[in-house]
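# okay, predicted coordinates and the sequence, questions at the end:
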Amino acid sequence: MRDFILKQVASIILPFVCIYGFYVILHGAVSPGGSFAGGIIVGLSFIAFSTVYGIEKCRAKLPEKALVWTESFGTLWYGIMGMAGIIKGAPFLANKLAGIDVGVPGKLISGGLISFIGIGVGIRVASTIITLFFTMMEEEL
Amino acid sequence: MKVRNLLILIIAVLAAYGMLLAVAELPPYGMPDNPIHNSVSERYINEALEETGALNMVTSIVLDYRAYDTMFETIVLFTAALAVVITLKTSAREGKG
């Protein structure tokens, strides 16, 4: 199954798939897509890598500690970002109400909190789907 | 056994009849005066760009207007991953203790 052609094609395609996932995450406020879809694309690039090259090589690139930390802090990041509203004297998770500059629509950095929350959610979704895949593949029956 | 099957059939037909009656009451699809076209969707369409600065209206609803919903959605994802790891992970239990 793990033959030469498959490995060469994967080594050419997968970096671009991963970068495209980050592109979708970062442009969540501008173009179709968003953090959930981008996170899934990033996660699937790692899953495809581990199906082609074996799960051990993917583990070497992506240690378990990094997965655990991104997974936990992605959720916490959302709450920390929401605190920005409370500090400014507005409701939790307030965006424009809290006086955050929403920027020019159409620019990459626009939407105030939306871009920052989206990065956290995207990384979090990616690490969740990778963790689920690794755990289910390494299950000892 | 036969009586039980007959009873199940009658209950299923009655339930289906009730659901079909409810569906027949629904307003026609796509009419402009349907109750779903209220002030909420109007405000999203007209003011989302100005209020959030995001061109993608879906993102502005998911991550701004309904940010609480998305926050607990990520917590649901976290809980799901946690449950899978707890139930299926055996190597950590044996190896590092």
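Happy to help now that I have it.
# mind listing the helices for chain B?
B:2-24, B:39-52, B:57-60, B:67-88, B:91-95 (DSSP state H).
# look up phi and psi at residue B:30.
Backbone geometry at residue B:30, expressed as degrees, to the nearest 10, gives phi 80, psi 10.
# from residue B:37, how far out is it?
Relative to residue B:37, residue B:30 is positioned 10 Å away (C-beta to C-beta, to the nearest Å). Any C-beta I mention is one placed from the backbone N, CA and C, and that applies to glycine too.
# more neighbours: which of these two?
residue B:37 (12 against 7; other C-beta atoms under 10 Å in any protein chain shown).
# the residue of chain A found nearest chain B: which element?
In chain A, the residue that lies nearest chain B is residue A:102 (2.9 Å; C-beta to the nearest C-beta). Assessed by DSSP states H and E, residue A:102 sits outside every helix and strand.
# list the contacts for it?
Residues in contact with residue A:102 (C-beta atoms under 8 Å, 6 or more residues apart in numbering or on different chains) are A:95-96, A:110-112, B:51-54.
# and those residues, which of them are in strands?
Judged by DSSP state E, the subset of the contacts of residue A:102 located in strands is empty.
# and residue A:108, helix, strand or coil?
Following DSSP: H, G, I helix; E, B strand; the rest coil, the label given to residue A:108 is coil.
# isn't it right up against residue A:26?
Yes. Residue A:108 lies in contact with residue A:26 (C-beta atoms under 8 Å); the separation is 6.7 Å.
# what about these two, which has more around it?
Taking neighbours as other C-beta under 10 Å, residue A:108 and residue A:26 compare with residue A:26 leading, 19 against 11.
# pull the contacting residues for that one.
A:38, A:108, A:115, A:118-119.
# likewise for residue A:88?
A:94, A:98-100.
# got a ChimeraX select line for the buried ones in those residues?
Only the buried entries of the contacts of residue A:88 go into this ChimeraX selection, using 16 or more other C-beta atoms under 10 Å in any protein chain shown:
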select /A:94,98,100
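# any low-confidence regions in chain B?
Filtered on pLDDT under 70, chain B yields the residue ranges B:90-97.
# go again using 90 as the cut-off
B:1-2, B:24-68, B:70-71, B:73-74, B:77-78, B:80-82, B:84-97 (pLDDT under 90).
# for chain A, what are the nearby residues on it?
B:49, B:51-56, B:58-60, B:62-64, B:67-68, B:70-71, B:74-75, B:77-78, B:80-81, B:84-85, B:88-91 (C-beta under 8 Å from any C-beta of the partner chain).
# residue B:78: what's it in contact with?
Taking C-beta under 8 Å, 6+ apart as the test, what residue B:78 contacts is A:71-72, A:75, A:124, A:128.
# same question, residue A:20
So residue A:20 contacts residue A:41 (C-beta under 8 Å, 6+ apart).
# got it, and the one 5 residues further on?
Counting by C-beta under 8 Å, 6+ apart, residue A:25 makes contact with A:34-35, A:38-39, A:42, A:118-119, A:122-123.
# right, I'll leave it there.
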